[in-house]
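**Q** what follows is a protein structure lacking sequence information:
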C-alpha cells in the first residue's frame, strides 16, 4: 500500500481498455434509446472480431457487430489542430466470416463518456471501399456535416439515428425465420 500523500503516476489507457469502454457505452446507449428492445450480448470467444451480438426482441433476429472506437480525430495536414476525419482499422481476419456482421465505428469524446458520432457499415462494404494496409483495412470517414466522402451514407450523427438505422436493418434481415410475436 502506498504511503499517505504519495503521488500517483497517471497512466494512459490502452487501446484494449478504450475499446471496452466504447463497447460499454454502445451497450448502454442502445439499451436506453431503444427502450430495451435491442439487447446486446458479448460472445464468449471472439474468433472473428465480433464484439457484440445485438438481439432485437421484436423481430427475434440477431446482428453481429464489430465495434471500433477512437477518442480523437486525425490532425489536419501540416498542423497540430485536429480535423474531422476519424481513422478506424479492421483486421482482415474479421472479414473471413463477414456474413451480416456490421462495423460500428464510434467517436468518443476525449473523456470517453459519450459517443459523439457513429458509422455503421456492412463488412463487405468495408472491404470494398476501405484502403488495404498490411493485414488491415482502413477507413477514414469524416464527421463534418458538409462532408461528401465515400463513407457519408454510413454516418449517424446521434444514438437515436443509430437505433433507427439498426431497427430498419433488423426488418430487412433474412426473413427465413419469422418475426417474434
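**A** Thanks, I have the structure now. Note that the structure is predicted; figures quoted are calculated from it, not measured. Numbers count the residues shown, from 1 in each chain.
**Q** can you tell me the SS state at residue 10?
**A** State at residue 10, reduced to three classes by DSSP: H, G, I helix; E, B strand; the rest coil: coil.
**Q** that one and residue 82: what is the separation?
**A** Remark: distance between residue 10 and residue 82 (C-beta to C-beta, to the nearest Å) = 22 Å. Glycine gets a C-beta too; all of them are placed from N, C-alpha and C.
**Q** shaky segments in the protein?
**A** Applying pLDDT under 70 to the chain picks out residues 1-7, 96-98, 174-181.
**Q** about what we covered before: residue 10 and residue 82: which has the busier surroundings?
**A** Using other C-beta atoms under 10 Å, the more surrounded residue of residue 10 and residue 82 is residue 82, with 12 against 5.
**Q** run a quick neighbour tally on the residue nearest to the more buried one when sequence neighbours are not counted.
**A** Among residues not flanking residue 82 along the chain, residue 73 sits closest, at 4.8 Å (C-beta to C-beta, 6 or more residues apart in numbering). Around residue 73 there are 20 other residues, counting by other C-beta under 10 Å.
**Q** so residue 73 lies in a strand, does it not?
**A** No. Residue 73 is assigned coil when assessed by three-state DSSP, not a strand.
**Q** which residue ranges form the helices in the chain?
**A** 15-33, 123-129, 159-172 (DSSP state H).
**Q** any idea which of those gets closest to residue 48?
**A** helix 123-129 (9.6 Å; C-beta to C-beta).
**Q** helices or strands up against the closest one?
**A** strand 102-108, strand 136-139 (3 or more C-beta pairs under 8 Å, 6 or more residues apart in numbering; DSSP states H and E).
**Q** can I get those in a markdown table including distance to residue 126 and mean neighbour count?
**A** What follows is those, written out as a markdown table (distance: least, C-beta to C-beta, whole Å; neighbours: other C-beta atoms under 10 Å):
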| stretch | distance to residue 126 | mean neighbour count |
| --- | --- | --- |
| strand 102-108 | 5 | 25 |
| strand 136-139 | 6 | 18 |
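**Q** in TSV, list the ones you listed along with distance to residue 148.
**A** Formatted as TSV, the helices and strands packed on helix 123-129 follow (distance: least, C-beta to C-beta, whole Å):
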stretch	distance to residue 148
strand 102-108	18
strand 136-139	16
